[in-house]
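Undergrad: Quick one: sequence and predicted model below, then my questions.
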Amino acid sequence: MRRSPYIPLLIFALLFFLLNGYAFSALSLVLPTMVLSWLWTLPVALFLAFGYSMIRLSVNGPTNLFKISAHALLIYFVSTLVFVLATVLTDIYRLIVAIVKYFAEGNFSYPERPLTGIYLGVLLSIFIIIAFIYGILKGKYAYRVIKHTLYFEDLPAAFDGFKLVQISDVHAGSLKNPKAVQKGIDLINKQHADLFVFTGDLVNNKAEEIKPYIQHFSKIKAPFGQFSVLGNHDYGDYIKWESDFIKQQNLQQLKNYHAEIGFRLLLDEHVTLEKDGQKLALVGIENWGLGFGERGDLNKALQGTTPKEFKILLSHDPSHWEAQVKNHSSKIQLTLAGHTHGMQFGFEAFGLKWSPVQFRYKHWAGIKQENRRILNVNRGFGFIGFSGRVGIWPEITLIELKKR
């Protein structure tokens, strides 16, 4: 049964307009009443447009009105929130001054609100708006190569210096710029890696979404092959199908498209990579993620391997590493995952790393090492939901394996 959108909308409306009420109370110190009255029409219009399209979503699907209003409302909400946070800091300062004055003089009174906090909030809000506009127009295709050199004591000597490229979360149904996508693929091939791996979510919902991009992704080549696994979106669980049979046909078609692209899809199985008479196991499982379908069977995929054999695991969701992999009796030296996208929004600079997704995932991007095993979480090649990226750019990972 589909949940009613009214209650979530009412809760959001309450929070949204309380936030705006606080913001406009601060702006009233620097703007005329007439200007504020006109400005109030912006959040009201945005909310009404989004609310109407949200209510009609089950009938009309995601219309252009829904997409435009949702993105505009998101930008407005985040920029307003930043403004409010800057203003709150000045109000906390006023409170501290008032308390100190009370204990010193016995007189409790608030000082006037400093205008510097308001001006700072306005500047930060403008910066956020510009960042979101860039993220929508350019950032979602601003591919970055992130390089890691990883050291292992038990790496077979023949694979010392072995390089692999990983991408994840293409979400082909969201891609609208084939030329930009091709630049990302050209960047993949420029790494001249020995092995290419894709860690799931080729599409948003339907297999047909990848058809316009098959010729592009089929250009990815590596000497030791191109391998892939499925992600949670690949199973078509997030839309309504006419029947289970049609849903299964869609999944089978997607598997066929993997083969057409040139990806060897690993479904709870492994393959052996051999170099100069030495071997390592490349293991791939179906999607296993807490809250996103626990389909994969790791033990089945490991059948035929030995506990000490060097293994690379492709597993879409990083929660699988936390739940099963890092303490598994058969050591898996390197796990490659994706799924989180870094929420397509965050901050990574000057040694700092933050994204709202960290409240959901213990490790959401980059390298994590524990129990002499390593996890890499790719930030994603594509995007979904929010049609952009702000601060968390699309990633092509280049990993070099080194023997310690």
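TA: Now that the structure is in, tell me what you want to look at. All values derive from a computational prediction rather than experimental measurement.

Undergrad: Contact partners for Gly380?
TA: Taking Cβ atoms under 8 Å, 6 or more residues apart in numbering as the contact definition, Gly380 lies against Ser168, Asp169, His171, Asp201, Gly338, Thr340, His341, Gly342, Gln344, Pro394, Glu395. Any C-beta I mention is one placed from the backbone N, CA and C, and that applies to glycine too.

Undergrad: Tell me where this protein has strands.
TA: In order along the chain, the chain carries the following strands (DSSP state E): 144-152, 162-167, 195-198, 226-228, 264-265, 269-275, 278-284, 311-314, 334-337, 347-349, 352-354, 366-370, 373-377, 395-403.

Undergrad: The longest helix anywhere in the chain packs against which elements?
TA: Counting residues, the longest helix found in the chain (DSSP state H) is helix 64-105. Packed against helix 64-105, as judged by 3 or more Cβ pairs under 8 Å, 6 or more residues apart in numbering; DSSP states H and E, are the following elements: helix 6-27, helix 41-55, helix 115-137.

Undergrad: want to throw the strands of the chain into a markdown table with mean pLDDT and mean neighbour count?
TA: Supplementary listing: the strands of the chain in a markdown table, determined by pLDDT from 0 to 100; neighbours: other Cβ atoms under 10 Å:
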| stretch | mean pLDDT | mean neighbour count |
| --- | --- | --- |
| strand 144-152 | 98 | 14 |
| strand 162-167 | 98 | 23 |
| strand 195-198 | 98 | 26 |
| strand 226-228 | 98 | 23 |
| strand 264-265 | 98 | 18 |
| strand 269-275 | 98 | 16 |
| strand 278-284 | 97 | 21 |
| strand 311-314 | 98 | 26 |
| strand 334-337 | 98 | 25 |
| strand 347-349 | 90 | 12 |
| strand 352-354 | 91 | 13 |
| strand 366-370 | 96 | 15 |
| strand 373-377 | 98 | 24 |
| strand 395-403 | 98 | 20 |
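
Undergrad: Just put these in CSV and tack on distance to Lys183.
TA: CSV is the format used below for the strands of the chain (distance: least, Cβ to Cβ, whole Å):
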stretch, distance to Lys183
strand 144-152, 12
strand 162-167, 13
strand 195-198, 17
strand 226-228, 19
strand 264-265, 25
strand 269-275, 29
strand 278-284, 27
strand 311-314, 25
strand 334-337, 23
strand 347-349, 22
strand 352-354, 26
strand 366-370, 23
strand 373-377, 23
strand 395-403, 11
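
Undergrad: For Trp40, which of those is the nearest?
TA: strand 347-349 (30.6 Å; Cβ to Cβ).

Undergrad: Phe198 versus Gly351, what's the distance?
TA: Applying Cβ to Cβ, to the nearest Å, the value for Gly351 to Phe198 is 30 Å.

Undergrad: wait, I meant Phe108
TA: Phe108 sits 63 Å away from Phe198, taking Cβ to Cβ as the criterion.

Undergrad: I figured Gly342 was touching Trp364, is that so?
TA: Yes - contact between Gly342 and Trp364 holds when scored by Cβ atoms under 8 Å: they sit 6.1 Å apart.

Undergrad: So which of those two has more stuff around it?
TA: When neighbours are counted by other Cβ atoms under 10 Å, Gly342 comes out ahead of the other of Gly342 and Trp364, with 27 against 24.
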